[in-house]
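K.L.:
all I have is the shape, not the residue letters:
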């Protein structure tokens, strides 16, 4: 029995349907108090700030030296040069983390280390490499003095209080996905907690009599479940928390039971891989129709034609093909944008798709063929070009086929061939939507 679909839908219509549901669910989440939580900054990387964050203090909180050297009154050095250095009495040393015990008056200076507070009276720091210490007996007492060979201006080689961050200054905008730079700024201002959007939760189930969990003994006619791992990690990349509920056989009661378990957990999104094409043994469409509504069953792309989208008790439901390559491509095209909206990483579905669609400009390394009349996504690996004047990368189509696991492991991204375009010529400019941050070495 061949594949059967409720109706093959054009991709742009699928996007419009998912965008509408994403907006409805995101609006409902935004109204819920549970959508926000307090997070330790040490665990905030990749989280989305729920509110703007402002500094409660100046950074630095005091005038500080940015060079090892001597804290001086700048006017004492104005006429210093190699032939006629300024000579100042050293009245002590100041180390980082210590409060100065002395002040600096004209004719005096203090040795100072990088990061140490500037003593009262000083308004500049002379770099140590522009000085030379010596001793001199003054009024019967041996004193340490320093020769200064280059003048400094007021404010030179110091950071004034609040010159980096001022009290009340905005540190983080609402909706920012926190990077290591952001968490570093929060730490610099003494903050150890931040209000963040709660991570959406996603239930994942793999279906198929042929599937075995990695780590278990592989019986004859069985294969290991790939999608559980790739989809769980893809969910994490979108700023969400995956819950893998296990593998179920091609059985209506088992599949229905897993959907019920997903609802009991209160997850935000439900994903099932496998059993989507409505052929013999593919029972997922029947189960979804019993519990909810199927909005899309079949999309005009290759790979990924047997794709399902719908809602179950108001929750977005995705049925992805069991083929690992097809599952990953449909995840990137349809699931990831919705998850980015729910996690707060994008304002809406279209923005999420625009961000994801920004790819690498490359040239086809060889002729690439497509099926006539199908919108096709061709997985490619990226390599450098030898001609520096041309595009920086070459796109090599992966010829092992969408059913091969090595196709997935070798892929850096994919390029789009619209129906009606049967050939991309060698050397033709293409844009590759990346699956990984950087091309493989």
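P.N.:
Arrived safely, thanks for sending. Fair warning: this is a prediction, and the values are worked out from it, not measured in the lab.
K.L.:
going forward, measure contacts and count neighbours with C-alpha atoms only.
P.N.:
Noted.
K.L.:
tell me the pLDDT of residue 410.
P.N.:
Residue 410 is assigned a predicted lDDT (pLDDT) of 86.
K.L.:
okay but it is in contact with residue 381, surely?
P.N.:
Yes. Using Cα atoms under 8 Å, residue 410 is in contact with residue 381, at 6.3 Å.
K.L.:
sec struct for the residue nearest in space to the middle of the chain, please.
P.N.:
With distances taken as Cα atoms, centre = their mean, the chain has residue 46 as the residue nearest its mean C-alpha position (5.8 Å). Following DSSP: H, G, I helix; E, B strand; the rest coil, the label given to residue 46 is coil.
K.L.:
you'd agree it is up against residue 181?
P.N.:
No. Contact between residue 46 and residue 181 fails when scored by Cα under 8 Å: they sit 11.2 Å apart.
K.L.:
give me the domain ranges for the protein.
P.N.:
Domain assignment for the chain by automatic domain parsing gives 11-37+199-356, 48-60+169-197, 64-159, 359-434.
K.L.:
hey, least reliable of those domains by pLDDT?
P.N.:
domain 359-434 (a mean of 85).
K.L.:
sorry, back to before: quick check: closest non-adjacent residue to the residue nearest to the centre of the chain.
P.N.:
The spatially closest residue to residue 46, leaving aside those adjacent along the chain, is residue 178, at 5.0 Å (Cα to Cα, 6 or more residues apart in numbering).
K.L.:
ok, the one you found - contacts?
P.N.:
The neighbours of residue 178, taking Cα atoms under 8 Å, 6 or more residues apart in numbering as the test, are 44, 45, 46, 47, 48, 49.
K.L.:
how deep is the last one tucked in, by neighbour count?
P.N.:
Right, the one you point to is residue 49. When counting by other Cα atoms under 10 Å, one arrives at 26 neighbours for residue 49.
K.L.:
can you get me the start-to-end distance on stretch 317-329?
P.N.:
Chord length of stretch 317-329, first to last residue, is 17 Å (Cα to Cα, to the nearest Å).
K.L.:
element containing the nearest residue to residue 397 once chain neighbours are set aside?
P.N.:
Using Cα to Cα, 6+ apart and skipping the chain neighbours, the partner closest in space to residue 397 is residue 380 (4.3 Å). Residue 380 is part of strand 375-384 when elements are defined by DSSP states H and E.
K.L.:
paired strands for the helix or strand following that strand, with orientation please.
P.N.:
Scanning the chain past strand 375-384 towards its C-terminal end, the next helix or strand to appear is strand 393-397 (assignment: DSSP H and E). Strand 393-397 has its sheet partners listed here by DSSP bridges as strand 360-364 (parallel), strand 375-384 (antiparallel).
K.L.:
could you dump these into CSV and include mean neighbour count and distance to residue 119?
P.N.:
Listed next are the strands paired with strand 393-397 as CSV, based on neighbours: other Cα atoms under 10 Å; distance: least, Cα to Cα, whole Å:
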stretch, mean neighbour count, distance to residue 119
strand 360-364, 21, 53
strand 375-384, 22, 55
